[in-house]
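Undergrad: what's the 3D shape of this:
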Amino acid sequence: MITLGPLTRAAALAGLLFSAIAGATPVAAAPADVELLKSYIGEWRGRGVLYGASEESVVCRLSLSEGNQDKVNYSGRCALAGTNLSVAGTLAYVDASRRFEAAMTSNATFTGIAVGQKRGSGLVFNLRERDQDEEGKDLNITAQIHLDRDAIQVVFEVVYIDSGDSLRAEVPFSR
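TA: All right, here's what the predicted structure looks like:
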C-alpha cells in the first residue's frame, strides 16, 4: 500500500473542492439554465471522510457568488491533517456546446474542467482526468458532484494505475 504524502492529499483535496463545484464563456445561455446555476449561490459547508491508507476527516467551506456574463464564481478551502487547500473557479452554461461546465484552479497545481448535465431538479458534474503525483506515478482521477436543491454531494477518487491503491473522499455539503 502506498502511503499518501501531503502533496498527494492536497491534490486529492483540490479535486474534492473542484468536485464540490467544478472558465468558459456562455453564449446566450437559456434563462432557466442560468437560474439553475444561480440557485446555488451562497455559503456551503462540508464535513466528510477521506479513505486511503487511513481514514481522515475533511472539513470544507465553499462560497458561490454571481459572476459576469451569467457565470457563477466560486472559491473554497478544505482542511485535512494540517494541509489546507484553496480552489477558485467558474460555473457556466455554455450554449455553443449545450452543456454546463465548471473550471478550476488550485494551490495544489490541480486544474481541470468538469462537464455537467441536468438530472431531475439539480445538476451532476463528472470529471475524469489522468495525472501524475509528486513522484511521477500515474493516477486516474474521477469525481461526481451532485447538486440538488439545498445539498451538494461529492464523491472523489484517485487510483494509482500501477498498484491499484486508491484514495476516496465522500463529503456532503449544506448551506
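Undergrad: could you double-check that I41 lies in contact with V72?
TA: Yes. Using C-beta atoms under 8 Å, I41 makes contact with V72 at a distance of 6.3 Å. Placement of C-beta: from N, CA and C, glycine included.
Undergrad: who has more neighbours, these two?
TA: Between I41 and V72, counted using other C-beta atoms under 10 Å, the more crowded position is V72 (22 against 15).
Undergrad: which ones are touching that one?
TA: Listed by C-beta atoms under 8 Å, 6 or more residues apart in numbering, the contact partners of V72 are 37-38, 40-41, 64-66, 90-92.
Undergrad: out of those, which are buried?
TA: Buried by 16 or more other C-beta atoms under 10 Å: 37-38, 40, 64, 90-92, out of these.
Undergrad: quick one: those residues as a markdown table, columns for distance to P31, secondary structure and pLDDT too.
TA: Formatted as a markdown table, those follow (distance: C-beta to C-beta, whole Å; DSSP: H, G, I helix; E, B strand; the rest coil; pLDDT from 0 to 100):
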| residue | distance to P31 | secondary structure | pLDDT |
| --- | --- | --- | --- |
| L37 | 11 | helix | 90 |
| K38 | 10 | helix | 92 |
| Y40 | 16 | coil | 93 |
| L64 | 19 | strand | 92 |
| T90 | 19 | strand | 90 |
| L91 | 16 | strand | 90 |
| A92 | 14 | strand | 92 |
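Undergrad: quick one, strands of the chain?
TA: Counting by DSSP state E, the chain has strands at residues 42-51, 55-66, 72-80, 83-94, 99-106, 112-119, 122-132, 138-148, 151-160, 166-174.
Undergrad: reformat those strands as JSON lines; add distance to A30.
TA: Below are the strands of the chain laid out as JSON lines (distance: least, C-beta to C-beta, whole Å):
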{"stretch": "strand 42-51", "distance to A30": "22"}
{"stretch": "strand 55-66", "distance to A30": "17"}
{"stretch": "strand 72-80", "distance to A30": "15"}
{"stretch": "strand 83-94", "distance to A30": "7"}
{"stretch": "strand 99-106", "distance to A30": "11"}
{"stretch": "strand 112-119", "distance to A30": "11"}
{"stretch": "strand 122-132", "distance to A30": "14"}
{"stretch": "strand 138-148", "distance to A30": "17"}
{"stretch": "strand 151-160", "distance to A30": "22"}
{"stretch": "strand 166-174", "distance to A30": "26"}
